[in-house]
Structures are given as structure tokens and as C-alpha cells.
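Peer 1: predicted coordinates and the sequence they were generated for:
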Amino acid sequence: MKLLERFFNFNNKAEMNRKETGRNELCWCGSGKKYKRCHLEKDEKKARAQYEQRRRV
């Protein structure tokens with residue numbers, strides 16, 4: 001159970017960091033790339049999918 005708790009806590013922290021990351025800042029994943037060149041598109045797709053899913057309910 002502790003492993004799952006740690007995993008979910010890690011994801012929550014990463015999610016919080018993503019929301020605070022500006023387009024021209026370094027990416028939250030630690031790659032050294034700018035966020036807009038690394039995870040911006042993936043995160044926007046995920047956010048759109050979550051929005052659509054909530055809208056359907």
C-alpha cells in the first residue's frame with residue numbers, strides 16, 4: 001500500500017509542477033529542454049481529453 005501512496009503522491013506533485021510551468025521555462029520532467037519543446041503538447045492533449053470526458057458526464 002505504501003508503494004501506491006508514494007506513486008500517487010509523486011504524480012500529484014508532478015501535476016502541480018506542470019500547472020505552474022510557463023511555456024519558456026525548463027520542463028518539469030528534468031530533460032533540460034524548454035517546456036514548450038518537451039511536454040507542452042502532450043499535457044495539452046491530456047487536459048483536452050480530461051475536459052471532454054468531464055463534459056460527457
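Peer 2: Perfect, I can see it now. These numbers were taken from a predicted model, which means no experiment stands behind them.
Peer 1: pull the residues that contact stretch 29-44.
Peer 2: For stretch 29-44, contacts defined as Cβ atoms under 8 Å, 6 or more residues apart in numbering pick out Arg18, Thr21, Gly22, Arg23, Asn24, Glu25, Leu26, Cys27, Trp28. The C-beta positions use only the backbone N, C-alpha and C, and glycine is treated the same way.
Peer 1: all helices for this protein, in order.
Peer 2: Ranges of helices in the chain, per DSSP state H, are 2-20, 35-38, 40-56.
Peer 1: low-confidence ranges, this structure, go.
Peer 2: 1-19 (pLDDT under 70).
Peer 1: recalculate using a threshold of 90.
Peer 2: 1-23, 28, 54-57 (pLDDT under 90).
Peer 1: and the furthest pair within the contacts of stretch 29-44?
Peer 2: For the contacts of stretch 29-44, the farthest-apart pair by Cβ to Cβ is Arg18 and Asn24; their separation is 14.7 Å.
Peer 1: those two: who's more crowded?
Peer 2: Per other Cβ atoms under 10 Å, whichever of Arg18 and Asn24 has more neighbours is Arg18, with 18 against 9.
Peer 1: if I look at Asn24, how far off is Asp43?
Peer 2: 15 Å (Cβ to Cβ, to the nearest Å).
Peer 1: typo on my end, it should be Arg37
Peer 2: In terms of Cβ to Cβ, Arg37 sits 13 Å off from Asp43.
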